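# Predicted structure and sequence below. I'll ask about it afterward.
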Amino acid sequence: MTTHTTHAELIMVAIDATEDRPSRYEEARRILADVPVVLIRTRDAGVHFGRLVFVANATGGCYRVVLTNARRIWNWSGANTLHEIALRGIPSGRVAEPVESIALPQVIEILPCTPEAIRSLEKQKWQ
């Protein structure tokens, strides 16, 4: 990753790569290797965080994603928005144990997490 390319830009490049033709999935995977843990919001499946290993456009303005080492965030305190969670994490909340991977077809937000947020979210338990 260059110093001028943001993680969000890398995600969009990966989406564009999969749009062009399915044979570019490997290129998209290499691009996503530079993206840290992301926080995502879906239409119907809630909020999750994990490592983004696949992303592509879907219908209705949504994305299709696959996360590995994924955890669902059921509720939280100490942050007003997902943007704040992606920046600083949460001091407490209900966060599920990780699953190896999850495919989520109706993703409406993808937010790269800061190292501070990743540390905070990874230490959360269901409370």
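That came through, no problem. Numbering: from 1, shown residues only.

# Find the nearest non-adjacent residue to the most centrally placed residue in the chain, please.
Taking CA atoms, centre = their mean, the centroid of the chain lies closest to Val38, which sits 2.9 Å from it. Excluding its sequence neighbours, the residue lying closest to Val38 (CB to CB, 6 or more residues apart in numbering) is Leu52, at 4.7 Å. The way it works is simple: take the backbone N, C-alpha and C, and place the C-beta from them, glycine included.

# Sketch out the low-pLDDT regions of the protein for me.
1-5, 17-25, 127 (pLDDT under 70).

# all helices for it, in order.
7-20, 25-32, 82-88, 115-122 (DSSP state H).

# quick one on the thing from earlier: show me what contacts the residue nearest to the centre of the chain?
His7, Ile11, Phe49, Gly50, Arg51, Leu52, Leu67, Ala86, Ile110, Leu111, Pro112, Cys113 (CB atoms under 8 Å, 6 or more residues apart in numbering).

# Any chance of CSV for these, columns neighbour count and distance to Trp76?
Below are the contacts of Val38 laid out as CSV (neighbours: other CB atoms under 10 Å; distance: CB to CB, whole Å):
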residue, neighbour count, distance to Trp76
His7, 20, 22
Ile11, 22, 23
Phe49, 28, 11
Gly50, 25, 16
Arg51, 17, 20
Leu52, 26, 20
Leu67, 25, 18
Ala86, 24, 12
Ile110, 20, 18
Leu111, 22, 14
Pro112, 19, 18
Cys113, 24, 14
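
# quick one, strands of the protein?
37-42, 47-57, 63-77, 92-95, 99-112 (DSSP state E).

# so which of the ones you listed comes closest to Lys123?
strand 92-95 (9.1 Å; CB to CB).

# buried stuff in stretch 72-84?
By 16 or more other CB atoms under 10 Å, the buried positions in stretch 72-84 come out as Arg72, Ile73, Trp76, Ala79, Leu82.
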